[in-house]
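1. just need the structure, nothing else, for what follows:
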Amino acid sequence: MKQANFVCISVTDEDTTQGKEPKQASWTYTDKGFYWAGAYVADNFLLVTTDDGDSGYIKGHGDIVSLNPRTGAVLDCQTASGVGDLRSTVCYDQDTDAYYFTSKGGDFYGIQVDANGTFRDGSMKRIPLSNGSNNASTPPMSTSTPGGVPWPGLRGCIGNRPVWRLLRPQHLRH
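-> Coordinates of the predicted model:
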């Protein structure tokens, strides 16, 4: 199976005389993939979702990983199984004190994190989304959390109408 790297690259300009100097990663975290994986970075932790490389929308798994933002060391990891890859940017909602992300298979997740970057026991919540189709070739697909606001988009149609559903963090009670 192929592996992918999630890297931290310093924005410091080490050589101001060069306009196109090569950069070395400050640290690297290797996993199976990070497709559409936008990280949330706090002072003491970084959250990113992973892709296991399996095809399809509901087989396989994805992880939400908490990394040390200075070293890339793993602080904690939670796996979502049987929902396809976790493919989205991770975003934070202050009102619920939780972090949100989505799966390729059409699931909306929330999880709470302690200040040290470890996940709170039992805090990962899931809402399986539905696009109204009972057809395996048009499963729900939720892969977007733009602008720091959970906005899962659903792939599929009812008749000729595309289906979209806006969720608010309050839908996942913590």
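2. okay, now the unreliable bits of this structure?
-> Residue ranges of the chain with pLDDT under 70: 1, 54-60, 130-174.
3. where along it do the helices fall?
-> In the chain, no helices are defined using DSSP state H.
4. show me where it has strands.
-> Counting by DSSP state E, the chain has strands at residues 4-8, 27-31, 40-41, 46-49, 61-67, 74-81, 91-93, 98-102, 107-111, 125-128, 157-158, 161-162.
5. between those, which gets nearest to residue 19?
-> Closest approach to residue 19 among those (Cβ to Cβ): strand 4-8, 21.6 Å. Backbone N, C-alpha and C define where each C-beta goes, glycine included.
6. you'd agree residue 39 is up against residue 45?
-> No: at 10.1 Å, residue 39 does not count as touching residue 45 under the criterion of Cβ atoms under 8 Å.
7. of these two, which one has the most company?
-> Per other Cβ atoms under 10 Å, whichever of residue 39 and residue 45 has more neighbours is residue 45, with 22 against 16.
8. leaving out sequence neighbours, find the closest residue to residue 123.
-> The shortest distance from residue 123 to any non-neighbouring residue, by Cβ to Cβ, 6 or more residues apart in numbering, is to residue 112 (3.9 Å).
9. okay, the one you found and residue 43: tell me how far apart.
-> Separation of residue 112 from residue 43 (Cβ to Cβ, to the nearest Å): 17 Å.
10. which one's more surrounded, those two?
-> Taking neighbours as other Cβ under 10 Å, residue 112 and residue 43 compare with residue 112 leading, 16 against 8.
11. how about that one, what does it touch?
-> By Cβ atoms under 8 Å, 6 or more residues apart in numbering, residue 112 lies in contact with 97-99, 119-120, 123, 174.
12. and what of residue 71?
-> By Cβ under 8 Å, 6+ apart, residue 71 lies in contact with residue 27.
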